[in-house]
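Participant: Quick check, what structure comes out for this input:
(chains A and B)
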Amino acid sequence: ETGVTQSPTHLIKTRGQQVTLRCSSQSGHNTVSWYQQALGQGPQFIFQYYREEENGRGNFPPRFSGLQFPNYSSELNVNALELDDSALYLCASKTGTMNTEAFFGQGTRLTVV
Amino acid sequence: AQSVTQLDSHVSVSEGTPVLLRCNYSSSYSPSLFWYVQHPNKGLQLLLKYTSAATLVKGINGFEAEFKKSETSFHLTKPSAHMSDAAEYFCVVTLSRDNFNKFYFGSGTKLNVKP
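Facilitator: Numbers count the residues shown, from 1 in each chain, chains lettered A, B, ... in the order given. As a prediction, the model looks like this:
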């Protein structure tokens, strides 16, 4: 167990809907990043938050947005869901120190129908 | 530019035989390198990390990896495979000069362990 928890574990949504995924970071970690892992692929970086500010973003459209709260938990919001958004969404937390490892949650499996 | 290439998408070994999972990276700057393992329907677990200290890194469950700068490689090895090692393994690079330490993942190697 890493101490990073994600909810829900599974979710089914209809194309065009909006979804919010949640992540509680490990105690003492102030940095949270989100990854999308499509079936059969490696995780792809979506964005990262450090002390409530987004400080990095991957190649994802603006309908992917997020928040980080004062307790360093985080949300990932996806608007106007598309079928290709079906994936495992992973949250990772780490300290702000460079080159430290990230600790991953179990992920949220999102299915868009 | 930076990238990670895992040279084998699938590796199959017999229980008790050695494991070799290959990873090459490209990076303009000094990298930190990690290996993560993902069991079915689970999150990612850190196996080991290299962050510019000793080039031979020992991790959990008997795994180790050697950083070879001249070959830009960071291959994962284990002397004797166990059935419980069957999983998908990801090689990850991050950059010391990256402002936010983004993780770049390889495409993964699925390890199958035969009895």
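Participant: What sits closest to A:Gln26 if chain neighbours are left out?
Facilitator: Excluding the flanking residues, the one nearest A:Gln26 by Cβ to Cβ, 6 or more residues apart in numbering or on different chains is A:Gly3, at 3.8 Å. No exception for glycine: its C-beta is placed from N, CA and C like everyone else's.
Participant: Kindly apply the preceding question to B:Phe105 instead.
Facilitator: B:Phe105 sits nearest to A:Gly42 (Cβ to Cβ, 6+ apart), 3.7 Å away.
Participant: in what helix or strand does the residue nearest to A:Gln26 lie?
Facilitator: Assigned by DSSP states H and E, A:Gly3 belongs to no helix or strand.
Participant: Look at it and report its pLDDT.
Facilitator: Looking at A:Gly3, its pLDDT stands at 86.
Participant: ok, and the residue nearest to B:Phe105, which helix or strand is that part of?
Facilitator: Using DSSP H and E, A:Gly42 sits in no helix or strand.
Participant: Test of understanding: give the bridge partners of residue 49.
Facilitator: I went with chain A, as the question did not name one. Judged by DSSP bridges, the bridge partners of A:Tyr49 are A:Val32, A:Glu54.
Participant: Oops, wrong one, chain B.
Facilitator: Going by DSSP bridges, B:Lys49 forms beta bridges with B:Phe34.
Participant: so who does it touch?
Facilitator: A:101, B:32-35, B:57, B:59 (Cβ atoms under 8 Å, 6 or more residues apart in numbering or on different chains).
Participant: Can you pull up the most central residue in chain A?
Facilitator: A:Trp34 (3.1 Å; Cα atoms, centre = their mean).
Participant: dump the residue contacts of the nearest residue to that one once chain neighbours are set aside.
Facilitator: Nearest-residue entry for A:Trp34: A:Ile46, 4.3 Å, with adjacent residues in sequence omitted and distances by Cβ to Cβ, 6+ apart. Applying Cβ under 8 Å, 6+ apart to A:Ile46 gives the contacts A:33-36, A:57-58, A:60, A:64, A:66, A:76.
Participant: Looking at these, state which has the most neighbours.
Facilitator: A:Ser33 (28 neighbours; other Cβ atoms under 10 Å in any protein chain shown).
Participant: That one touches B:Phe105, doesn't it?
Facilitator: No. Between A:Ser33 and B:Phe105 there is no contact, the gap being 11.7 Å when judged by Cβ atoms under 8 Å.
Participant: Dihedrals phi and psi, the nearest residue to A:Asp85 once chain neighbours are set aside?
Facilitator: Residue nearest to A:Asp85 in three dimensions, not counting chain neighbours: A:Val112, with 5.1 Å by Cβ to Cβ, 6+ apart. Dihedral angles of A:Val112 (phi, psi; degrees, to the nearest 10) stand at phi -110, psi 120.
Participant: how far out from the middle of the chain is stretch B:58-77?
Facilitator: On the basis of Cα atoms, centre = their mean, to the nearest Å, stretch B:58-77 sits 7 Å off its chain's mean C-alpha point.
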